[in-house]
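> Next come a sequence and a model predicted from it.
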Amino acid sequence: MRIYIMRHGDANQNIFEDRIRPLSELGVQAVSRVGNYLKLQNVKIDLIITSPFLRTYQTAEIISKIFNIEDKIEESNKLLIESCPNEIISDLSKKNVENGILLVGHQPSVGNLISHLTNGKQVNITMGKAALACIEIDHSLRQNNGVLKWMINPDDLNN
């Protein structure tokens, strides 16, 4: 199984209520660029789980439309800013996913989750806005059992 971990795109800085800040136009473009790149790479996503904040949900919606899986988005409070990686892993282990699952969240929790899945320790991994990481799990989904296959930033893509 592959777990794709994405940080939300750039958000509108003119709205001060954190929960309802929408993506900026730059954020929409960056997320679309990443989603289109994934589609070109024949990535398969069965399910998207997102933080309930507006900017993360909008990020998930953009990706879901590119992959034609608009009905496969779930919200989870376990993907909020200071989330515990073990709680996320516990929830993921209960999901029936054949190919891949996309998690959309916030920094630092997305970086902490990558660190937790790949080396089991707290390593400072910082993801830029709309950045995406791919972790491959060959056996059971648990701490220190994943391999970081790649990480991309939208600015690195030419599509």
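Thanks, I have it.
> Just the buried positions in the longest helix along the chain, please.
In terms of residue count, the longest helix belonging to the chain (DSSP state H) is helix 25-40. Buried positions in helix 25-40, judged by neighbour count with 16 or more other C-beta atoms under 10 Å: 27-35, 37-38. Where you see a C-beta, it was placed from the backbone N, CA and C, and this is true even at glycine.
> tally of neighbours for the nearest residue to Ser76 once chain neighbours are set aside?
Using C-beta to C-beta, 6 or more residues apart in numbering and skipping residues adjacent in sequence, the residue nearest Ser76 is Ile49, 5.2 Å away. Neighbour count of Ile49, defined by other C-beta atoms under 10 Å: 22.
> For Ile49, which three-state class applies?
strand (DSSP: H, G, I helix; E, B strand; the rest coil).
> Does it touch Val104 like I think?
Yes: at 7.3 Å, Ile49 counts as touching Val104 under the criterion of C-beta atoms under 8 Å.
> Find the residues that touch each one of the two.
Listed as contacting both Ile49 and Val104 by C-beta atoms under 8 Å, 6 or more residues apart in numbering are Leu79.
> Go ahead and confirm Ile88 touches Leu113.
Yes: using C-beta under 8 Å, Ile88 is in contact with Leu113, at 6.0 Å.
> Show me whatever sits in contact with both of these two.
Leu103.
> and those two? which has more neighbours close in?
Shown here are Ile88 and Leu113; by other C-beta under 10 Å, Leu113 has more neighbours (27 against 24).
> Could you pull up the residues touching the more buried one?
Contacts of Leu113 (C-beta under 8 Å, 6+ apart): 5, 83, 85, 88, 103, 105.
> Over to Thr56?
Applying C-beta under 8 Å, 6+ apart to Thr56 gives the contacts 8, 50, 79, 104-106.
> quick one: it from Gly9, how far?
For Thr56, the distance to Gly9 (C-beta to C-beta, to the nearest Å) stands at 9 Å.
> shaky segments in the protein?
139-144, 159 (pLDDT under 70).
> which one of the contacts of Thr56 is nearest Asn119?
Gly105 (19.0 Å; C-beta to C-beta).
> burial of that closest one, as a residue count?
The tally of other residues near Gly105 (other C-beta under 10 Å) stands at 29.
> Dump stretch 102-120 to PDB, keeping only the CA atoms.
C-alpha atoms of stretch 102-120 as PDB (Å, rounded to 0.1, in the frame of the first residue of the first chain):
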ATOM      1  CA  LEU A 102      -4.100  10.400   0.400                       C
ATOM      2  CA  LEU A 103      -3.900  12.200   3.700                       C
ATOM      3  CA  VAL A 104      -4.200  16.000   3.600                       C
ATOM      4  CA  GLY A 105      -3.200  17.900   6.600                       C
ATOM      5  CA  HIS A 106      -1.100  20.700   8.200                       C
ATOM      6  CA  GLN A 107       2.500  21.300   9.100                       C
ATOM      7  CA  PRO A 108       4.000  20.100  11.500                       C
ATOM      8  CA  SER A 109       1.700  17.100  11.800                       C
ATOM      9  CA  VAL A 110       2.300  15.900   8.200                       C
ATOM     10  CA  GLY A 111       6.100  16.100   8.700                       C
ATOM     11  CA  ASN A 112       5.800  14.300  12.000                       C
ATOM     12  CA  LEU A 113       3.700  11.500  10.400                       C
ATOM     13  CA  ILE A 114       6.300  10.900   7.700                       C
ATOM     14  CA  SER A 115       9.000  10.800  10.300                       C
ATOM     15  CA  HIS A 116       7.000   8.400  12.500                       C
ATOM     16  CA  LEU A 117       6.100   6.000   9.600                       C
ATOM     17  CA  THR A 118       9.600   5.900   8.200                       C
ATOM     18  CA  ASN A 119      12.000   5.900  11.100                       C
ATOM     19  CA  GLY A 120       9.900   5.800  14.300                       C
END
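> Fine by me, we can end here.
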